[in-house]
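Participant: heads up, no residue letters with this:
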């Protein structure tokens, strides 16, 4: 399959923009000692489910996973390395935030009926995975050509 420059440009821009969103969120959360308990206190629709993540025994793990998850997903997307690995985690995070912001049928506020940016990001990440975005001016394309990766099916599946 050949890609023209416009396709590559859009895939690259989308990967960088979404990656930067995750990267900045993770860096800010780590540097500011962000606490997910404040976020989890405002969950309405699925409060019982999300309350488990705010339990004092679980909250340190939740904080760690949210902060470093954002950062690592962002680094992966910006660099274009391991996009097939980080993408599903980004989708999971976006869908989780979508349901956490829900006040059925509104999402976050009355200007978003059924759909908000979390769903748009999740679908965009699906697009990036499907179009092998890490191979478009990213490190997945470089890593796939390394002899150690070419000769190892497990490593190859991570960057292909």
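Facilitator: Right, received. Where do you want to start? The model shown is predicted, which means the values in this text are computed figures rather than measured ones.
Participant: just the element for the residue most central in space within the chain, please.
Facilitator: Centroid check for the chain by CA atoms, centre = their mean gives residue 90 as the closest residue, at 2.1 Å. Element membership for residue 90, per DSSP states H and E: helix 83-100.
Participant: same question for stretch 141-155, mean pLDDT?
Facilitator: What stretch 141-155 shows for mean pLDDT is 93.
Participant: just the buried positions in that stretch, please.
Facilitator: For stretch 141-155, burial by neighbour count (16 or more other CB atoms under 10 Å) applies to 141, 143-144, 149. C-beta here means a position set from N, CA and C on the backbone, and glycine is covered the same way.
Participant: same question for stretch 117-124.
Facilitator: So stretch 117-124, judged by 16+ other CB under 10 Å, has buried residues 117-119, 121-122, 124.
Participant: equivalent analysis for stretch 40-55, please.
Facilitator: Neighbour counts using 16+ other CB under 10 Å place 40, 43, 45, 50, 53-54 of stretch 40-55 among the buried residues.
Participant: let me know the closest of those residues to residue 81.
Facilitator: Nearest to residue 81 among those: residue 53, at 28.5 Å, using CB to CB.
Participant: three-state assignment of that closest one?
Facilitator: helix (DSSP: H, G, I helix; E, B strand; the rest coil).
Participant: does it really touch residue 39, like I thought?
Facilitator: No - the pair residue 53 / residue 39 is not scored as a contact, 9.6 Å apart, by CB atoms under 8 Å.
Participant: quick revisit: make CSV out of the buried residues of stretch 141-155 and add secondary structure and distance to residue 135.
Facilitator: As requested, these are arranged in CSV below (DSSP: H, G, I helix; E, B strand; the rest coil; distance: CB to CB, whole Å):
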residue, secondary structure, distance to residue 135
141, helix, 4
143, helix, 10
144, helix, 7
149, helix, 13
